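Trainee: compute the structure for the input listed below.
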Amino acid sequence: MQHTHRAQYHAEDRYFLARTPVFRARRVLRIGYTALPLAAGIDKFAHLLVDWGRYVAPAFVRGAAIPVNQILYVIGVFEIALALIVALSPRVGAYLVCVWLCIVVANLLAVSHSYAVIFVAVCLAAGAYALARLDSALRFM
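Mentor: Presented below is the predicted three-dimensional model:
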């Protein structure tokens, strides 16, 4: 009997906590950081949003043994996988997205002087880090 009471209390706590601003913020970040790499990854194949080839550092292209479009396909598959990891395990996936976005920032610094795009990528990396920390703090609740 005591075990049932604890399970019921825990379910009531989860119901209450799911409606708090912290849990809602985590939910919004999880959805966003699942959608962001998914959309970017799919667009590496569809070429609807942007010409991604412009954003690959020339030094990286020279060092790679494959053409730019194939590099972009590999990156697209990787970004789709990141989206799935965020959807299934936000804590792990968000840290991976944060690291990936830091790599993107380094690449953009080598390619472009478009500091607005670089600033956006830095902000997105900070948001991914925030999701990872939120999910770590809330995983036992």
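Trainee: residue ranges with poor pLDDT in this structure?
Mentor: 1-18, 140-141 (pLDDT under 70).
Trainee: just the helices from it, written as ranges.
Mentor: Counting by DSSP state H, the chain has these helices, from start to end: 2-17, 21-46, 58-63, 68-88, 90-111, 115-138.
Trainee: please identify the deepest-packed of the ones you listed.
Mentor: helix 90-111 (a mean of 18; mean count of other C-beta atoms under 10 Å). C-beta coordinates here come from the backbone N, C-alpha and C atoms, glycine included.
Trainee: for it, packing partners?
Mentor: Other helices and strands packing on helix 90-111, by 3 or more C-beta pairs under 8 Å, 6 or more residues apart in numbering; DSSP states H and E, are helix 21-46, helix 58-63, helix 68-88, helix 115-138.
Trainee: so what's the closest residue to residue 45 other than its chain neighbours up against?
Mentor: Excluding its sequence neighbours, the residue lying closest to residue 45 (C-beta to C-beta, 6 or more residues apart in numbering) is residue 76, at 5.5 Å. By C-beta atoms under 8 Å, 6 or more residues apart in numbering, the residues touching residue 76 are 40-45.
Trainee: that'll do, ta.
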